[in-house]
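Asks: I'll drop the sequence and a predicted model, then ask my questions.
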Amino acid sequence: MLELLVFACLLAVAHSLQGADVVLSCYFIEEGGGMMGGSLFTRTPATLVLRDLPMSSDLSPETITPYNPPDEPKADDLIFEVVVSSVEIPEAESLLHADCNEQEVVCELSRYTPRGIEPDALPAHFIGSIQIEGGGVGLTLVLQTISNEKTESSTPPLMQSKLHLPLSQWGTLLTDAVFVVFSRSPSLSASIGDDARLDCGYRQKDVLPERSMGLEWRWQHKGNGRRILDMRAQGVETDGGTEVQVEREGVSADSNLLIRDGNASLTMKMLKVSDEGTYICTISSGAFQTQQIVQLHIIQPPRVFLSDKKVVFQDESPQKLSCHCERYYPLDVHVEWLSQPPSETESISLTEKASLSSHRQHNDGTFSLSSFLFKHLNQQETTTGWSWQHWFCQYCFCIRHQDRC
């Protein structure tokens, strides 16, 4: 599926004490013929309505209203109405609160062809991707159209102009969520030497006990990529066993949890700088196969120290102060110099007068940097008789556009 940074609007609404509706403004992605044999992707505004999502008791139904379909159904409208009671959607309540938490939601839809199924076969299938920016659950849903045969009406149903599929009496395309792959933590940070758990899981409607499962974890970073783990597991009522191939020492996934609980999480031991990157969790079960992406960021604060803890001025000659920041990651680090005279309560910045060495990279991928400050005793310091003064060196870590000082 084409990855697009399309921001979605979210409105949480409810029509009962048992569940709430979530309405997402999405884009429907299609691939068409481009010039000179290239590919051209088109985006059509669409609406995704998730019906009856579970909500906690602290969400007051008096403050929200139910989803109301258009007064007059139109063939050009793309409204996907999804019944989500068939499968559990983990962390679904975060979708209800995303708008209140000022979190953007990225939502896109496209056609989907299950394995072994003809592209134009009915029921039709679609795939939806929902990502909450700035933290929150990531979801990939396989949707299957629901037949309108039970509708008692002599009037032919309205056909959706783009999909050529029958709409409900209120103008929506009725679908059922039949397969969901999710990550509760699509982005996480860890330090060198730590262990990490990359969260991934799935839920499926009408699970067969004898089914076979496939799980693959792949790593990608700066144009490089490789398979980390490949697992083939059989259902609980079969004797096929489990086949596992591991390409990185210290990684594992539990086949029993995969079959029994839908837990496809990857455990990684003793993280290194080279482990940073994008991890793709691909789950296959029966006719369905889809994926979720987890970003792993490596963060290593530096060891900061001064070369001399005490500086003595014998005359008016300048003294060199050296501050060393060792073995940090990532590269973006800012060194600050501060001075605090004994009579002052606030520090004075001297950073503009300092110089920096070049970055030095170590074999483990971490960096080191030194900052130098030449300090003169000015006339005020001499006449006021300052016998001592504090200089401070501190670092400010800039990680993924977030300052950590």
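Replies: Received it, and whenever you're ready, just let me know what you need. Residues are numbered from 1 along each chain as shown.

Asks: Contacts made by the top helix by length along the chain with the rest, please.
Replies: Ordering each helix of the chain by length in residues (DSSP state H) puts helix 255-261 first. If you take C-beta atoms under 8 Å, 6 or more residues apart in numbering as the criterion, helix 255-261 is touched by 201, 213, 215, 231, 233-236, 242, 244, 263-265. From N, CA and C alone the C-beta is placed, and that goes for glycine too.

Asks: Only whichever of those are buried, select them in PyMOL.
Replies: To isolate the buried ones among the contacts of helix 255-261 in PyMOL, judged by 16 or more other C-beta atoms under 10 Å, type:
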select buried, resi 201+213+215+231+233+234+235+264+265
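
Asks: Which of the contacts of helix 255-261 fall in helices?
Replies: Judged by DSSP H, the subset of those located in helices is empty.

Asks: so can I have TSV of the contacts of helix 255-261 showing pLDDT and distance to Val273?
Replies: Shown next, in TSV, are these (pLDDT from 0 to 100; distance: C-beta to C-beta, whole Å):
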residue	pLDDT	distance to Val273
Gly201	96	28
Met213	88	32
Leu215	97	26
Met231	95	26
Ala233	86	32
Gln234	78	37
Gly235	67	39
Val236	58	40
Thr242	84	31
Val244	92	26
Asn263	95	28
Ala264	96	25
Ser265	97	22
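
Asks: Which of the contacts of helix 255-261 fall in strands?
Replies: Of the contacts of helix 255-261, the ones assigned to strands by DSSP state E are 201, 213, 215, 231, 233-234, 242, 244.

Asks: Which members of those are the farthest-apart pair?
Replies: Across the ones in strands among the contacts of helix 255-261, the longest distance by C-beta to C-beta is 18.7 Å; it joins Gly201 and Gln234.

Asks: okay, the contacts of helix 255-261 in a markdown table with distance to Thr366 next?
Replies: Below are the contacts of helix 255-261 laid out as a markdown table (distance: C-beta to C-beta, whole Å):
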| residue | distance to Thr366 |
| --- | --- |
| Gly201 | 33 |
| Met213 | 38 |
| Leu215 | 32 |
| Met231 | 32 |
| Ala233 | 38 |
| Gln234 | 43 |
| Gly235 | 45 |
| Val236 | 45 |
| Thr242 | 37 |
| Val244 | 32 |
| Asn263 | 33 |
| Ala264 | 31 |
| Ser265 | 27 |
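
Asks: Spatially, and excluding backbone neighbours, which residue is closest to Val142.
Replies: Nearest non-adjacent residue to Val142, counting by C-beta to C-beta, 6 or more residues apart in numbering: Phe179, 3.9 Å away.

Asks: Just to be sure, Thr42 is in a strand?
Replies: Yes. Membership of Thr42 in a strand is supported by DSSP: H, G, I helix; E, B strand; the rest coil.

Asks: I figured it hits Tyr27, correct?
Replies: No. Between Thr42 and Tyr27 there is no contact under C-beta atoms under 8 Å: 9.3 Å.

Asks: higher neighbour count, the two?
Replies: More crowded of Thr42 and Tyr27, by other C-beta atoms under 10 Å: Tyr27, with 21 against 10.

Asks: Thr47 versus that one, what's the distance?
Replies: Note on Tyr27: its distance to Thr47, by C-beta to C-beta, to the nearest Å, is 10 Å.

Asks: helices or strands up against whichever helix or strand Val294 is part of?
Replies: Element membership for Val294 (DSSP states H and E) is strand 288-298. With contacts taken as 3 or more C-beta pairs under 8 Å, 6 or more residues apart in numbering; DSSP states H and E, strand 288-298 sits against strand 138-145, strand 173-183, strand 187-190, strand 196-198, strand 277-285.

Asks: Extract the C-alpha set from that strand and format it as PDB.
Replies: The C-alpha coordinates for strand 288-298 follow below in PDB (Å, rounded to 0.1, in the frame of the first residue of the first chain):
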ATOM      1  CA  PHE A 288      -5.100 -13.100   4.900                       C
ATOM      2  CA  GLN A 289      -1.700 -11.500   5.100                       C
ATOM      3  CA  THR A 290      -1.000  -8.000   6.300                       C
ATOM      4  CA  GLN A 291       1.500  -6.100   8.400                       C
ATOM      5  CA  GLN A 292       2.300  -3.400  10.900                       C
ATOM      6  CA  ILE A 293       5.400  -1.200  11.300                       C
ATOM      7  CA  VAL A 294       7.300  -0.500  14.500                       C
ATOM      8  CA  GLN A 295      10.000   2.100  14.700                       C
ATOM      9  CA  LEU A 296      12.900   1.500  17.100                       C
ATOM     10  CA  HIS A 297      15.100   4.400  18.100                       C
ATOM     11  CA  ILE A 298      18.400   3.900  19.900                       C
END
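
Asks: chain center to that strand: distance?
Replies: Here the centre of strand 288-298 is set off from its chain's centre by 8 Å, with C-alpha atoms, centre = their mean, to the nearest Å.

Asks: in that strand, what's buried?
Replies: 288-296, 298.
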